[in-house]
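[1] quick one, structure for this:
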Amino acid sequence: MTATLVLSRQLRGSVTFGDFQILAEYFGSSGSWDEGNFTYNSVVDFGDFQLLAQDFGANSLSDLTTVIDPPPPTVTLTIVASDGIYSVYANDTSTDNVGIVSFDIDVQGDGGAEVTSSYNYAPQGRGTVEYNGSTYHPQSGFNVMDGDGDNGEEITAMQNVVYGTTDNEFDDAKVIKGFGQSSGTDGSLSWTQTNVGVLVASGTYSGSGTLSVNVHSGAYVQVLSIVSSGQWSGPGNMMIAQVTGDTINV
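    Residues are numbered from 1 along each chain as shown. Presented below is the predicted three-dimensional model:
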């Protein structure tokens, strides 16, 4: 995939909200590139949304996503299971970003094991934002296109980093930083970093065999880019992480 394929399908020189409107119109259908199918899969899906979000606000080829050569491995997925219940953890150990911002993952059974349910556990709800001397409790966390998946296929979630054409401190504050790197709280939200990462999904399985977790084909795990002074600011400004999956016997 070349950089020009990810840029605005309207060919206006920048990625804008209008591009998301067109992608939404054709979401789930067998659209072409100018209808949002940037990954050239069979349908317009969450992976296309991730690429478009990553390039939101880009106005030159130098700003665009590089898909062919992802950065060194940054996120490790780990699956643990016992007594018919599995959990998936994501661990972002790199210092070149400030935490996970979106994911689209699959949990699959093989050799006699079958995934029977799946649930997204990325935190979302009312956060706390101090802005211009007042305290607000807006919707925060992974509240964009979040989905439990279909028996393990395409468990998805994204934080709202696409909010306008210029940086806004209030909207930036609604984005969880350090997710997958450290424990934290934000208003009603909380997450715990364990030795294998932070919980992102769980579900049930039946039978004996193997369970595996990895990125959904044609989709990604994305992390927040460091913009300045070790911090992230929006809108956009994300990177595609190279992910290591996991397989266990059950």
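[2] for the longest strand belonging to the chain, which residues meet the burial criterion?
    Longest strand in the chain, counting residues (DSSP state E): strand 97-110. Neighbour counts over strand 97-110 (16 or more other Cβ atoms under 10 Å) mark 97-109 as buried. Every residue, glycine included, has its C-beta placed from N, CA and C.
[3] buried stuff in the helix or strand that comes right after that strand?
    Downstream of strand 97-110, the first helix or strand assigned by DSSP states H and E is strand 114-120. Within strand 114-120, the residues that qualify as buried are 115, 117-118, 120, counting by 16+ other Cβ under 10 Å.
[4] got JSON lines for these, with distance to residue 77 and pLDDT too?
    Formatted as JSON lines, the buried residues of strand 114-120 follow (distance: Cβ to Cβ, whole Å; pLDDT from 0 to 100):
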{"residue": "115", "distance to residue 77": "15", "pLDDT": "98"}
{"residue": "117", "distance to residue 77": "18", "pLDDT": "98"}
{"residue": "118", "distance to residue 77": "14", "pLDDT": "98"}
{"residue": "120", "distance to residue 77": "14", "pLDDT": "97"}
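[5] how about CSV for these, with distance to residue 155 added?
    Shown next, in CSV, are the buried residues of strand 114-120 (distance: Cβ to Cβ, whole Å):
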residue, distance to residue 155
115, 10
117, 11
118, 5
120, 5
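[6] now for the spatially most central residue of the chain: which residues touch it?
    Centroid check for the chain by Cα atoms, centre = their mean gives residue 102 as the closest residue, at 1.2 Å. Residue 102 makes contact with 50, 53, 142, 144, 156-159, 220-222, 238, according to Cβ atoms under 8 Å, 6 or more residues apart in numbering.
[7] which of these lies closest to residue 77?
    residue 221 (8.0 Å; Cβ to Cβ).
[8] how about that closest one: which residues does it bridge to?
    Note on residue 221: beta-bridge partners by DSSP bridges are residue 103, residue 241.
[9] which element is residue 171 on?
    Using DSSP H and E, residue 171 falls in helix 169-173.
[10] against which helices or strands is that helix packed?
    Packed against helix 169-173, as judged by 3 or more Cβ pairs under 8 Å, 6 or more residues apart in numbering; DSSP states H and E, are the following elements: strand 129-131.
[11] the strand it packs on: how far from the chain's middle?
    From the chain centre to the centre of strand 129-131 is a distance of 25 Å (Cα atoms, centre = their mean, to the nearest Å).
[12] and what of stretch 100-117?
    On Cα atoms, centre = their mean, the centre of stretch 100-117 falls 15 Å from the chain's centre.
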